[in-house]
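Trainee: Fold the following and give me the result.
(chains A, B and C)
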Amino acid sequence: MIKGKKICTLLLCSVMSVSLLGGCKNDKQVSKDPNNTGSEERVKLTFCMSQTGWGGEAVDPELMKEVERIIEEKTNTDLTIIAPPQSSYNDKLNTLLTSDIPDIFAVRKAMDTLQVMAARGYTRSMDDLIKTAPEITSLVDPKYLDYLTVDGKLHAVPMYVPLSKVIWLRKDVMDECGVNLSQTPTTEEFYNEMKKMVGKGVIPFTFPKFLDNLPFFFNPFGAYYGIGVDENGKFYDGFNTPEAKEALSYVAKLYAEGIWDQEFITNENAIIREKLFSGKAASTLDYFNRYIYYINESEKVNAGTEFVPVYELVGPRGDRGNLNEAIQDVLCISSKTKHPEKAMEVIKYYFYTMEGVKLRCLGVEGKHFTIEDGRIKATEKAANSGYKSDVNSFLLYYPKIDNYGFKWDETTERLLPKQMEYVEEANKHLGSKYLVPGGKSALYDKNLSAYKKKIDEISSKIILGTTTVEKGYEEYEKFWKSIKGDEMLEQLNK
Amino acid sequence: MKRMNSGPVGYVSVGRKIFNISNAVFLFIVSMVVLIPLLMVIVTSLSPDAVVAREEYVLIPRGITFDNYIRIFKSGYMSAFINSILVTVAATAVSMLLTVVMGYAMAQKDLIGKKFLIRFVVATMVLDAGIIPFYMVVKNLGLIDSYLALIIPAAISTYNLILMKNYISSIPTSIIEAARIDGCSELGILFKIVLPISIPIIAAITLFYAVSHWNSYLNVVIFINDSSKYTLQVLLRQLVYQSESAISSASALNNFKMAVMIMTMIPVLILYPFIQKYFISGIMLGSVKE
Amino acid sequence: MSTNTMVVAEKQLEKQKKHSEFFKKFKRQRPILMLLIPGVLWYIIFKYVPMLFAFNAFTDYGTRAEVSFIGLENFRQLFSSPGFWGAFRNTLIISFLNLVFYFPLPIILALLMNELIFTKLKRLVQFIVYIPHFFSWVVVGAIFTMVLAPNDGIVNQIITSLGGESIYFMADESWFRWVLVGSYMWRDVGYGTIIYIATISTIDVQLYDAATVDGAGYWQKMWYITLPSLKGTIATVLLLTVARILLIFEQVLVMYIPPVYSVSEVLTTYSYTEGILNGNIGYATAVSLFTAVISSILVIGCNKISKKFLGESII
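Mentor: Numbers count the residues shown, from 1 in each chain, chains lettered A, B, ... in the order given. Down below sits the predicted model:
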């Protein structure tokens, strides 16, 4: 009996000490701002966005708190920031949404998931809020706001300008192999010129494992990688068309003849970039604002060279267009929020004002960076926690910065005009992008991920050469039947 | 030291010699298969940027630099490191307490409801209801954003529990009966007899729990909202995968990623040799008085 | 008539005896039963209460704002979906491969390590062999991708130098399952030996000494002493492995790529990509429920088999 008591006390003690431990950590965070005596009730909002969105991508919690403080001051709010790591962002967000929808939250791959979010009742319509948001409406092309409407109502605002990708080439390899490419070559020209780089100890063209980058090669053939919209406004299966087969055959040829990276299907994004700036590869597909990035990175690893963009390929029938990712990352407001106007104010401040964008891209002066000799320099703390002060990131946002308040490093200052030129030019060559509404066809909603996986699977097998176009499409057609694809299109076209 | 693999003193047959040598060679090969990738990780983490950008992984060193490790130390990760240690120690302690006690109870030969209890426990292994209901339970207990959410919900692993129970039930009943006859209480048996004999399994399972708690990542992301409470795994994984993001202009070459990996592994690797001795040498059961 | 009353009286006496025996047992075991309380409570709160969520397999939870009961609709959808059957088939095949090829390895390795005469080396080998367990699947995936790369990977370099053609293992439907099994072996074999080593370390040395005196050789000692004492542990680990084996998830999610979807999509990844990521949580729960049923059948089967061969059931 005495032993029993001993056990119980032991158990109790450990539970108590453990909860003290847990409690200890909790208390530390309560007193945030000693100056805020709470004289005026600040609106409390929760804001969920990936860990790297809080000041130059620094992930140090203290630095993040600094940014939080500024936003709170400027919008007169009391924010609780939830910043999950990028690689698990969706898991965390989906879990949060089932119980406490954050007042403001970022959604990724919005073109696919926004419809689902709205259908599940997580997002709040922003039609009323957008009326009093000239910061947003004056900058954003209404066409892109259309992408974010569900049932005619706006449910999100974009975080970035529409993003597109172009091909970046290393000048040194081009010169060495006598490659001469215009900025918008035909598919034939591309093939012929790139062929000159085969067998020269460099990968002519590398590509990531993510096949949703294929549209860059589908657009020139007038094909669409997914469910598209035809001239009559009707939905059709872009993948099962003669044009798509042509596009895949073209890419398969590039692969078979050694132009396309033989290991592309296991390339992460970071790897294709490394391959390009280290000189292992001669070209790759990447975002339009990467000019200065590649120049800098290649210098750092002693493989410096000039980089040249190819904006799009032009196909046999004159079709063209680069990889248009349109709007992928957006911000939504919770359908259950008590303070929608304040939430919108925070969004407007952080993404649609010059000041807010500077805060997001650079952090707080004195904490994230200092200005020495008129040039920006990262603090040690920031530099060691992933901080990047980069002019490229500014190019992603709507507000255009006219005066940074400092000069960038020499290389950047020198190259900035060219970078801007490339960005503007890329925007003139956007490929097509269609939005399929959710909630219209039960079959579509149910089968969308299976469909995407299947077109990726068939495309990859055709490109790798493990199956032929005929056999691959035979398999695809079997799949289409099994998900009642024709019926699905009918439902969408009602 | 076990002497089971030496015959009568002095004499070792030829066949046995051949076996010993081939065994040693085989184990050497196995160790190499394991060690070489590890060596590659270490060497890569010490290689300069220019080399790593071209070659991704480096086996034969081409220049050594500690820059990446210095970068990790200088950053705010020491606090996350301490968070990890606190949580791991507390969680392992709670886990072991619950597991040993419950395992002992379940190992009683004639326990009332024993069969039902074992099935009750094992049945939980087959259904994975997903993170959402789990999250809801933890939320309703008010544990979100507290370290208790990392300690208590993950306290018991059925796998470890059954192994514990299995081991304890294999202790010869004669010893336990003898203690009982001597007038020892049930709990006394636990402390004075069972625990000392179970040191190998306790060491092994402590190791299992420590490793699992230390490596815990998804639980931290889901249950903790406050970034300053993040453990090492979370903070470092973000750094490593930053360069994967489409938008980010950060770049993390392999040398940095590998340095991060080594840093996350070192504490548990250091722990292992200390625990290993407990389940290698074991206890001379024969020396326990009958 | 007296015999009847005697029988009845006997029966009553027996009953009373059983009752008092039971109470005696209960009294003796009371402190032990108290020890069980925190654990059982834990299981109820953190395992069984979340399991109640499984009833969502019969609703359309997650697809719309309100949740409504849809009966067996999710299951109908499941069984008519070729993706599901493919995932089911892959799960069974990969699990089977893991059981046959991975499961015996830690046992063999533990026995071999035990026979190593250089005892200092024994500890070192154990330490080394267990390190890969610490590499997360993402890193293991990256390492294997590199080692198996078609052009620069070590394996293919060996193959081509022997005159063969290089194989893109990670993208090859006929090889990918082996990549999964192989990487699982590489990562977890060392870790798996720990439990067997711990069990071996408790074998009474006197047994070996007695066997030596009786003239037993090394193999006989291993066969008649070491292995039998591992029997219980092996059976238990087997059962526990079988219980979880259909739940293979992270390894596949991290390592699989489009060309090999058809041979490596497993139930968990299927449920994750087409259920959870799609928002269709009810559907995902239906998959989990189905998997649980199959796992239960396997566990019960395994238990019955071990009862037959070992004489005692594990659960």
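Trainee: drop to CA atoms for contacts and neighbour counts, all remaining ones
Mentor: Noted.
Trainee: domains of the chain?
Mentor: Here I'm looking at chain A. Domain assignment for chain A by automatic domain parsing gives A:40-161+A:328-360, A:163-325+A:432-492.
Trainee: try chain B instead
Mentor: B:14-65, B:68-287.
Trainee: Out of these, which one sits most buried?
Mentor: Of the domains of chain B, the one with the most neighbours on average (mean count of other Cα atoms under 10 Å in any protein chain shown) is domain B:68-287, at a mean of 19.
Trainee: Distance from that one to the middle of the chain?
Mentor: Relative to its chain's centre, domain B:68-287 lies at 7 Å (Cα atoms, centre = their mean, to the nearest Å).
Trainee: Just the mean pLDDT for that domain, thanks.
Mentor: For domain B:68-287, mean pLDDT rounds to 85.
Trainee: same thing with stretch A:192-200?
Mentor: Mean predicted confidence for stretch A:192-200 is 94.
Trainee: B:F81 - nearest residue in space that isn't next to it in sequence?
Mentor: B:L232 (5.1 Å; Cα to Cα, 6 or more residues apart in numbering or on different chains).
Trainee: correction: B:Y230
Mentor: Nearest residue to B:Y230, sequence neighbours excluded (Cα to Cα, 6+ apart): B:A80, at 6.2 Å.
Trainee: Which helix or which strand is home to that neighbour?
Mentor: helix B:77-107 (DSSP states H and E).
Trainee: Check which helices and strands that helix is in contact with.
Mentor: Here helix B:77-107 touches helix A:2-28, helix B:114-122, helix B:148-151, helix B:158-169, helix B:199-214, helix B:232-241, helix C:2-43, going by 3 or more Cα pairs under 8 Å, 6 or more residues apart in numbering or on different chains; DSSP states H and E.
Trainee: Let's see that with 6 Å instead.
Mentor: With contacts taken as 3 or more Cα pairs under 6 Å, 6 or more residues apart in numbering or on different chains; DSSP states H and E, helix B:77-107 sits against helix B:158-169, helix B:199-214, helix B:232-241.
Trainee: C:G141 is nearest to which of the ones you listed?
Mentor: Set against C:G141 and scored by Cα to Cα, the helices and strands packed on helix B:77-107 come closest in helix B:232-241, at 14.5 Å.
Trainee: Just want the angle from that closest one to helix B:77-107.
Mentor: 130 degrees (axes from the mean of the first three to the mean of the last three Cα atoms, to 10 degrees).
Trainee: Which helix or strand lies directly C-terminal to helix B:232-241?
Mentor: helix B:254-280.
Trainee: which one of the domains of chain A lies closest to chain B?
Mentor: Closest of these to chain B is domain A:163-325+A:432-492, at 4.2 Å (criterion: Cα to the nearest Cα).
Trainee: From the chain's centroid, how far away is that closest one?
Mentor: Here the centre of domain A:163-325+A:432-492 is set off from its chain's centre by 17 Å, with Cα atoms, centre = their mean.
Trainee: Can that domain be said to contact chain C?
Mentor: Yes - for domain A:163-325+A:432-492 and chain C, the contact criterion (Cα under 6 Å from any Cα of the partner chain) is met by A:449, A:456-457, A:460-461.
Trainee: Sort out for me which of the residues you listed are in helices.
Mentor: A:449, A:456-457, A:460-461 (DSSP state H).
Trainee: and those residues as a markdown table, adding neighbour count and pLDDT?
Mentor: Below are those laid out as a markdown table (neighbours: other Cα atoms under 10 Å in any protein chain shown; pLDDT from 0 to 100):
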| residue | neighbour count | pLDDT |
| --- | --- | --- |
| A:S449 | 17 | 89 |
| A:D456 | 22 | 96 |
| A:E457 | 20 | 96 |
| A:S460 | 26 | 96 |
| A:K461 | 23 | 96 |
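Trainee: Please identify which two of these are farthest apart in space.
Mentor: Farthest pair in these, by Cα to Cα: A:S449 and A:K461, 18.2 Å.
Trainee: is it true that the residue nearest to B:Y230 touches B:Q233?
Mentor: No - the pair B:A80 and B:Q233 does not pass the contact test of Cα atoms under 6 Å, sitting 8.5 Å apart.
Trainee: Pretty sure A:L285 sits in a strand.
Mentor: Yes - assessed with DSSP: H, G, I helix; E, B strand; the rest coil, A:L285 lies in a strand.
Trainee: beta partners of the closest residue to it other than its chain neighbours?
Mentor: Using Cα to Cα, 6+ apart and skipping the chain neighbours, the partner closest in space to A:L285 is A:I167 (4.4 Å). Residues in a beta bridge with A:I167, per DSSP bridges, are A:L285, A:V310.
Trainee: Contacts only, for A:I167.
Mentor: A:284-285, A:309-310 (Cα atoms under 6 Å, 6 or more residues apart in numbering or on different chains).
Trainee: give me the number of residues near the residue in the stretch 51-200 of chain A that chain C sits nearest to?
Mentor: When scored by Cα to the nearest Cα, the stretch 51-200 of chain A has A:R120 as its residue closest to chain C, at 4.2 Å. A:R120 has 21 neighbouring residues, counting by other Cα atoms under 10 Å in any protein chain shown.
Trainee: Check the contact between it and C:E66; I expect there is one.
Mentor: No - contact criterion Cα under 6 Å: A:R120 and C:E66 do not qualify, at 7.9 Å.
Trainee: if we can go back for a sec, which among the domains of chain A is found nearest to B:L97?
Mentor: domain A:40-161+A:328-360 (30.3 Å).
Trainee: can the closest one be found next to chain B?
Mentor: Yes - applying Cα under 6 Å from any Cα, one finds domain A:40-161+A:328-360 touching chain B at A:61, A:82, A:85, A:92, A:95.
Trainee: Those residues of chain B touching chain A, which are they?
Mentor: When proximity is defined as Cα under 6 Å from any Cα, chain B approaches chain A at B:50, B:53-54, B:71, B:75, B:132, B:146-148, B:222, B:225, B:227-228, B:238, B:243-244.
Trainee: quick check, nearest of those to chain C?
Mentor: Out of the residues of chain B next to chain A, the member with the shortest distance to chain C (by Cα to the nearest Cα) is B:I132, at 8.5 Å.
Trainee: what's the closest non-adjacent residue to the closest one?
Mentor: A:T95 is the one closest to B:I132 (Cα to Cα, 6+ apart), at 5.9 Å.
Trainee: Go ahead and report the secondary structure state at the one you found.
Mentor: Here A:T95 is helix, with the state taken from three-state DSSP.
Trainee: how far away is it from B:K139?
Mentor: A:T95 sits 11 Å away from B:K139, going by Cα to Cα, to the nearest Å.
Trainee: what do you get for A:M126?
Mentor: Distance, A:M126 to B:K139, using Cα to Cα: 30 Å.
Trainee: can you map out the helices along the stretch 151-300 of chain C?
Mentor: Listed in chain order, the helices of the stretch 151-300 of chain C (DSSP state H, counting those that start in this stretch) span C:154-161, C:176-200, C:205-213, C:218-221, C:227-244, C:250-255, C:261-264, C:267-271, C:281-310.
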